[in-house]
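**Q** can't give you the sequence, but here's the structure:
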């Protein structure tokens, strides 16, 4: 399993629109083959910074999603709302407390 964390920096006025969009799309994304978990986090000191965290069975599952129409349509909606470039990490969990 891999964990995908994406840091998204939004124009302040675009955050409510993104959060509503995420709420509408989250069940569709969670239903994608290989997606085991999905959530969004908001920075407590900068409301314009949002992180998404998703768990995937494999990199291949993540890549299939990233090439899907669902992702392409979602990205086209979200991309103009950014104030900075998104930063993404794909990581493996090595320990849990």
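**A** Nice, I can see it. Here the structure is a predicted model, which means the values were calculated and not measured. Numbers count the residues shown, from 1 in each chain.
**Q** Quick check: which element contains the residue nearest the centre of the chain?
**A** The centre of the chain sits closest to residue 52, judged by CA atoms, centre = their mean, with a distance of 3.7 Å. Using DSSP states H and E, the element containing residue 52 is strand 49-56.
**Q** Report all helices and strands that that strand contacts.
**A** Using 3 or more CB pairs under 8 Å, 6 or more residues apart in numbering; DSSP states H and E, the elements in contact with strand 49-56 are strand 2-9, helix 15-30, strand 35-42, helix 59-66. Backbone N, C-alpha and C define where each C-beta goes, glycine included.
**Q** what's the closest of those to residue 95?
**A** Nearest of the helices and strands packed on strand 49-56 to residue 95, taken as CB to CB: strand 2-9 at 12.8 Å.
**Q** quick one, that closest one and strand 49-56 angle?
**A** Interaxial angle of strand 2-9 relative to strand 49-56 (axes from the mean of the first three to the mean of the last three CA atoms, to 10 degrees): 160 degrees.
**Q** got a list of contacts for strand 2-9?
**A** The contact list for strand 2-9, computed with CB atoms under 8 Å, 6 or more residues apart in numbering, reads 18, 48-56, 58-59, 62, 78, 82-84, 86-93.
**Q** again with stretch 35-52
**A** With contact meaning CB under 8 Å, 6+ apart, stretch 35-52 is reached by 1, 4-12, 15, 18-19, 22, 26, 29-30, 53-57, 61, 65, 83.
**Q** No further questions, thank you.
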